[in-house]
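Q: Sharing a model prediction with you, sequence too.
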Amino acid sequence: MVAMTEPAPPGPPALHSALVRHTGYLISRIGFFAQRYFSARLEGLGLTPRLFGALNVLASEGTVTQQELGKSIGMDPSTMVATIDELESQGLVERRPHPNDRRAHALYITDQGRETLARSSAVAAEAQDQLLAPLNGEERELLHDLLLRIAEAAAQRRADAVKD
């Protein structure tokens, strides 16, 4: 009797030696696979990384306008409208009159939105643990700190370019 084995899960192709010395390439490839895995996991909750991001910021900031939310996550206005429409259609966010600006609507995360965020945060943590499995706790912290420093510098360069 021949033993049946499960097929290997899809993953990144082998890294060619000509590519492993290029840090930017490695970051790009890791980002691509992390995004695909994370998206697939969120899909079961009816979310995308874009929706997950918006829910996180709303839960953190409390009452904000669409414009403020878009600015805080770097999303253009038309994409922001579609994002809020999608969250609202799922019952995760509500638009209400803004308490201090009658021309604007304020965004509120609903109880269902908080529950979905809690479940999706657990999924995000699992996805992160799987991605970072080869690293110990100290290495994970170091990687996070280094990536954050790079991201902050990139954001500053972008902000400076917009000013010019």
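A: Cool, got the structure. Numbering: from 1, shown residues only.
Q: As a check, name the ranges of all strands in this protein.
A: With strands called from DSSP state E, the chain shows them at 64-65, 93-97, 105-109.
Q: Pipe these into a markdown table and attach mean neighbour count and distance to residue 86 per row.
A: C-beta here means a position set from N, CA and C on the backbone, and glycine is covered the same way. Output for the strands of the chain, formatted as a markdown table (neighbours: other CB atoms under 10 Å; distance: least, CB to CB, whole Å):
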| stretch | mean neighbour count | distance to residue 86 |
| --- | --- | --- |
| strand 64-65 | 18 | 17 |
| strand 93-97 | 15 | 9 |
| strand 105-109 | 19 | 13 |
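Q: what about the chain, any weak spots by pLDDT?
A: 1-13, 164 (pLDDT under 70).
Q: Try it again at 50.
A: Along the chain, the parts satisfying pLDDT under 50 run over 1-9.
Q: what about the longest helix anywhere in the chain, distance to the chain center?
A: The residue-count maximum for a helix in the chain (DSSP state H) belongs to helix 137-163. Taking the mean of its C-alpha atoms, helix 137-163 sits 15 Å from the chain's own mean (CA atoms, centre = their mean, to the nearest Å).
Q: cool, and stretch 21-40?
A: On CA atoms, centre = their mean, the centre of stretch 21-40 falls 13 Å from the chain's centre.
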